[in-house]
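Participant: Whatever this is, show me its structure:
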Amino acid sequence: MLRKLAFFLGIFTPCTVWAQLPPGQPQQDCIGAIPVCQGVYFEPASYQGVNGTSTNPADCNGLICNEINPAISCLATGERNSVWYTFTVQGTGLFGFNITPNILADDYDWAIYNLTNSNCAAIYTNAALQVACNYSGLPGVTGCNLPVGSGIVGQNNPVFPVVAGQTYVLVVSNFETNPNNANGFTINLLPPPVIPVGGSATIIGDTTQARFTADTMIYCGRTIGVRFSERILRDSLNNQSFRVVSPTGVQLPVTNIACNNCVSNRGTNFTITFLNNSSGQNYKLILIDSIPDACGNIAKLDTVEFDVLPRQITFVPQQTNICIGDNITIASTMFPADTYNYSWSGPQINGSSTNPSVFVSPQVSSFYRLQVTSLQGCISRDSIEIKVFPLPLPGDVSPDQSNLCFGDSLRLIVTSPSITIDSASSIWRSLGPNEDILAVKQVSNDTTWVVPRLGNRLIRLQARIISRGGCANFSDTARIQVGKNMIPSFEADTLSGIVPFEVEFADFSTSDFNRESDATRKWFVENTTLNPGVRVQFGDSTWAKYRFENFGKHRIILQLSDQLGCTKEVEQIIDAKQFILPNVITPNEDGLNDRFVVLGRVSGLELKIFNRWGRQVFSDMDYKNTFDGRELESGVYYFSLNDIQTGNSYTGWIQLIK
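Facilitator: Presented below is the predicted three-dimensional model:
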């Protein structure tokens, strides 16, 4: 039975970061991996460091513990007596290798990671970096030595495709529990005549010279970035390795070379610092020293040209419009500010013109120019325009003075030569102490509807005119006197009666004025039955009395008026009846409902009564409240009462109960 699983993963792409390790066993850490510069490596004895998942430095492989995470790798015990190798693919193709234990009974395991665009630290967390892995319990030869797509067989995996320029690391672990008694191994990466062992990719035999490129443009400074096509040995570089020549042929001394991505004394990206006090085109950077890569190949001696440009100046604000009479601060964003000398020029500069910022008060649109000189003498120049806009002409508001009843709305219109659809807009504002006294609905640039929220006060409004440049002026003031907020209300001591009768009315109106003295009120009555549309005043105080002589529906109206002539009304209906008709008869002589009694006028009335089948059972041409139904059976009867004087007829039903 196998004690471990082996698997093969697809290739992914994350930048190799290499760091210098102290003496000891640096090749037992990924960042100290052995560069592959030959096809066969013979290791006479096994490396040590048994517990690959321990955090005890005495147990770790190399100086970094736990570089392999068993949760995402087939190496279930992490690193055990491991060693690391690294190589960069020289030619695209299929890659394979053999690991042959010096004693075939030994059990070696391995994993390979693509670090083309990643680093050693990411191996522990990024499962996608692992390309192939084998943790079989079988001893003997192991590696990637089977045909593509054949799958994993025991301790052997299929070869896999690689691309020129990709960088990989290979970790080889000895599973033996006592590595002191274990021999080493031989690793073979030479492509044999027949695939799969070694595959078809070119790994070793790296004789390619590293070449360098550099920034073609730098800004007013003394540093330039340099990049080599392969990792080179950092210790081989010094200040004499490169020469910098100015456009006039003057050699500019190199003062420092710093590596930006070196690991284990190897890197590709460097920053060169040189003495320079000017700017210009066609500077030259010349490699004049022998610089080897990890496999001893000497970098190509070459020359690149670059330009030193003045540093670009940026201003805050970048675009500026101001109104005539205003001030503005213009600032340069050169950083750090104390490493430059400043010289401003332009009209109406307030204070010093040698600071990073200036306070200016131009009266007309003007340009302000700035010259910035670095401490090394590099000069940059730029300018910014400050546009000055005039104030718009004041506007006229119409109507400029008016009265407005509370609850109504008023349309205000402002006219100004500065108002156009494209260049300006108007914003209305209240000049009163209470900003909440208005509900202003703006319908266009020049028009607004004003609706007062509170009454009995003076409202003052202005329109704010904004010009094309954002400058503002105000219209003249519209003065609006708002009437009182009147809420009329009254009560009557009765809402109906038989004429003639009298009703008293009491005013219970609420408002923002004194109900007893600061108002004008009128009481009106309108008989909507006999004389509709005709109002008759019958009072003007907080209470009133009216005698109803004629029948009909009467509108009682209370009208309130303020000093502006604004009025509010409320009304109630009083039903003045000629008579009241019963709907039940109980002829038992108890004095209650013994007869069909018409309350009110009892002359000039004709009464007819019918049973449920429509047969007339009673008729009286001059009825005098005499019908008692004694001769009839209990039940529902229908009546028709005719008013001979008015010609009106009244019908209904009556319940006879015996």
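Participant: from here on, contacts and neighbour counts on C-alpha atoms
Facilitator: OK.
Participant: With adjacent residues omitted, what lies nearest to residue 165?
Facilitator: Among residues not flanking residue 165 along the chain, residue 89 sits closest, at 5.3 Å (C-alpha to C-alpha, 6 or more residues apart in numbering).
Participant: same question but for residue 595, I mixed them up
Facilitator: Nearest residue to residue 595, sequence neighbours excluded (C-alpha to C-alpha, 6+ apart): residue 628, at 4.3 Å.
Participant: looking at this, that neighbour is in a strand?
Facilitator: No. With DSSP: H, G, I helix; E, B strand; the rest coil as the criterion, residue 628 is assigned coil and is not in a strand.
Participant: So what's the residue count around residue 323?
Facilitator: With neighbours defined by other C-alpha atoms under 10 Å, the count for residue 323 comes to 21.
Participant: Show the pLDDT at it.
Facilitator: Per-residue confidence at residue 323 stands at 89 (pLDDT).
Participant: From residue 469, how far out is it?
Facilitator: Counting by C-alpha to C-alpha, to the nearest Å, the gap from residue 323 to residue 469 is 7 Å.
Participant: wait, residue 429 sits on residue 465?
Facilitator: No. The pair residue 429 / residue 465 is not scored as a contact, 11.1 Å apart, by C-alpha atoms under 8 Å.
Participant: More neighbours: which of the two?
Facilitator: Remark: of residue 429 and residue 465, residue 465 carries more neighbours, 28 against 15, as counted by other C-alpha under 10 Å.
Participant: Help me confirm that the more buried one comes into contact with residue 396.
Facilitator: No. Using C-alpha under 8 Å, residue 465 makes no contact with residue 396, being 10.6 Å away.
Participant: hey, what's in contact with both of those two?
Facilitator: Taking C-alpha atoms under 8 Å, 6 or more residues apart in numbering as the criterion, residue 465 and residue 396 both touch residue 475.
Participant: so who does residue 275 touch?
Facilitator: Neighbour list for residue 275: 222, 252-255 [criterion: C-alpha under 8 Å, 6+ apart].
Participant: if we go to 10 Å?
Facilitator: By C-alpha atoms under 10 Å, 6 or more residues apart in numbering, the contact set of residue 275 is 221-223, 244, 251-255, 376.
Participant: Would you reformat those as CSV and include secondary structure?
Facilitator: Shown next, in CSV, are the contacts of residue 275 (three-state DSSP):
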residue, secondary structure
221, coil
222, coil
223, strand
244, strand
251, strand
252, strand
253, coil
254, strand
255, strand
376, coil
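Participant: And those, which is closest to residue 650?
Facilitator: Top of the list for closeness to residue 650, among these and by C-alpha to C-alpha, is residue 221 at 112.0 Å.
Participant: Looking at the contacts of residue 275, which one is closest to residue 109?
Facilitator: Using C-alpha to C-alpha, residue 223 is the member of the contacts of residue 275 that sits closest to residue 109, with 47.0 Å.
Participant: Name the nearest residue to the closest one, sequence neighbours excluded.
Facilitator: The shortest distance from residue 223 to any non-neighbouring residue, by C-alpha to C-alpha, 6+ apart, is to residue 273 (4.4 Å).
Participant: any chance you could map the helices in the stretch 201-350 of the chain?
Facilitator: For the stretch 201-350 of the chain, helices defined by DSSP state H, counting those that start in this stretch do not occur.
Participant: What distance do you get for residue 616 to residue 114?
Facilitator: Between residue 616 and residue 114 the computed distance is 116 Å (C-alpha to C-alpha).
Participant: So the two - more neighbours on which side?
Facilitator: residue 114 (28 against 14).
Participant: Verify the stated contact: the more buried one with residue 131.
Facilitator: Yes. Applying C-alpha atoms under 10 Å, one finds residue 114 in contact with residue 131, separated by 6.5 Å.
Participant: For the residue nearest to residue 595, grab the count of nearby residues.
Facilitator: 18.
Participant: Just list the residues touching it, thanks.
Facilitator: When the contact criterion is C-alpha under 10 Å, 6+ apart, the partners of residue 628 are 585-589, 593-597, 656.
Participant: With residue 102 instead?
Facilitator: Residue 102 sits next to 42-46, 140-141, 182-186 when contact means C-alpha under 10 Å, 6+ apart.
Participant: and if you look at residue 382?
Facilitator: Residue 382 is in contact with 312-315, 368-372, counting by C-alpha under 10 Å, 6+ apart.
Participant: Please enumerate the helices of this structure.
Facilitator: With DSSP state H, there are no helices along the chain.
Participant: lowest-pLDDT helix or strand in it?
Facilitator: strand 7-8 (a mean of 32; mean pLDDT, DSSP states H and E).
Participant: Residue 333 versus residue 352, what's the distance?
Facilitator: Following C-alpha to C-alpha, the distance that separates residue 352 from residue 333 is 17 Å.
Participant: That should have said residue 627, apologies.
Facilitator: Residue 627 sits 111 Å away from residue 333 when distances are taken as C-alpha to C-alpha.
Participant: Which of the two has more residues huddled nearby?
Facilitator: residue 627 (18 against 13).
Participant: picking up where we left off before, local confidence estimate at the residue nearest to residue 165?
Facilitator: Spelled out, the predicted local distance difference test score at residue 89 is 83.
Participant: From the contacts of residue 628, which land in strands?
Facilitator: Here DSSP state E is the test, and the contacts of residue 628 give 585, 656 as lying in strands.
Participant: quick one: which of the contacts of residue 628 is nearest residue 155?
Facilitator: Ranking those by separation from residue 155, with C-alpha to C-alpha as the measure, puts residue 656 on top at 116.4 Å.
Participant: Just list whatever residues bridge to that closest one.
Facilitator: In this structure, residue 656 has the following beta-bridge partners (DSSP bridges): residue 585, residue 635.
Participant: same thing with residue 97?
Facilitator: Using DSSP bridges, the bridge partners assigned to residue 97 are residue 144.
Participant: Surely it is in contact with residue 143?
Facilitator: Yes. The criterion here is C-alpha under 10 Å, and residue 97 meets it with residue 143 at 5.6 Å.
Participant: Take the contacts of residue 102 and, keeping just the buried ones, write it as a ChimeraX select command.
Facilitator: Selecting just the buried residues from the contacts of residue 102 in ChimeraX takes one command, with 16 or more other C-alpha atoms under 10 Å as the test:
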select :46,140,141,182,183,184,185,186
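Participant: Out of the contacts of residue 102, which one has the weakest pLDDT?
Facilitator: On pLDDT alone, residue 182 ranks lowest of those, at 64.
Participant: circling back to that earlier point, neighbour-wise, which one of the contacts of residue 275 leads?
Facilitator: Taking other C-alpha under 10 Å to define a neighbour, the member of the contacts of residue 275 with the most is residue 244, carrying 24 neighbours.
Participant: Identify the residue nearest that one in space, chain neighbours excluded?
Facilitator: The spatially closest residue to residue 244, leaving aside those adjacent along the chain, is residue 285, at 4.8 Å (C-alpha to C-alpha, 6+ apart).
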